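Engineer: Next input, structure requested:
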Amino acid sequence: MNRPTGVTIIAVLGFIAAVLWAVAGLAICMGGAMVSRLAHTPMGRLAGMGGTVVGLMALGVAALGSVTAIGLLNLRNWARVVTIAAAGLSLLVAALGLVEALEHVHVLFYFGAFVRRAIMAAVDVWILAYLLQPTVKQAFSGTPK
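Structural biologist: Sure thing, here's the model as predicted:
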C-alpha cells in the first residue's frame, strides 16, 4: 500500500522537531560545559554537569524523533504507536499550558504563549485523529485493503 500523504507530513514534522531538539541539546551541552569549566565552586561545577546531562537527554529525544520519523516513512506500526503516544503527551502538556496561559492572557508574553500552545494542541489533535483513522491504520498493517 502507498504511504498516505498525511504520514509523510507527520514524518517531516518529526524530522524538523528532531533537528530543533538536537540544536537545543548541543547548545545546552556547550553551556553546561562552559559553566563547569568556569565555575569556581563545587556547586557551580555540579550545575554545569547537570546542564550537560539535560543536553544529552535532549539529544536522545532528537535521536528518538529521527528514528520514529524514519519508521513512519517506512510504515512501521511501532512508529505510529510511538507517535500517537508522543502526540498524546504533547497534547496533555499543551492543555496544561493553555490553562496556565489563560490565567495571565492579558500580559503580552502569556498571550503569545497561549497562541503557540493552542497551535501545538491543534497539531497534536490532528496527528492523533489522523493516525487513528482506520484507513491510515490499515496502511501500517502491511496488508492490502
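Engineer: Spatially nearest residue to residue 22, not counting backbone neighbours?
Structural biologist: Closest residue to residue 22 apart from its sequence neighbours, by C-beta to C-beta, 6 or more residues apart in numbering: residue 62 at 3.9 Å. In short, each C-beta sits where N, CA and C put it, glycine included.
Engineer: show me where this structure has helices.
Structural biologist: Under the criterion DSSP state H, the chain contains helices at 5-38, 42-73, 77-103, 108-131, 134-141.
Engineer: Kindly report the domain assignment for this protein.
Structural biologist: For the chain, automatic domain parsing gives the domain ranges 1-74, 75-145.
Engineer: from what I can see residue 140 touches residue 76, true?
Structural biologist: Yes: in this structure residue 140 lies within contact range of residue 76 using C-beta atoms under 8 Å: 7.2 Å.
Engineer: Compare those two and say which one has the larger neighbour count.
Structural biologist: residue 140 (22 against 16; other C-beta atoms under 10 Å).
Engineer: any idea how far the nearest residue to the more buried one once chain neighbours are set aside lies from residue 137?
Structural biologist: Nearest residue to residue 140, sequence neighbours excluded (C-beta to C-beta, 6+ apart): residue 77, at 4.4 Å. Noted for residue 77: a distance of 8 Å to residue 137, by C-beta to C-beta, to the nearest Å.
Engineer: I'd say residue 26 and residue 54 touch.
Structural biologist: No: counting by C-beta under 8 Å, residue 26 stays clear of residue 54, with 11.9 Å between them.
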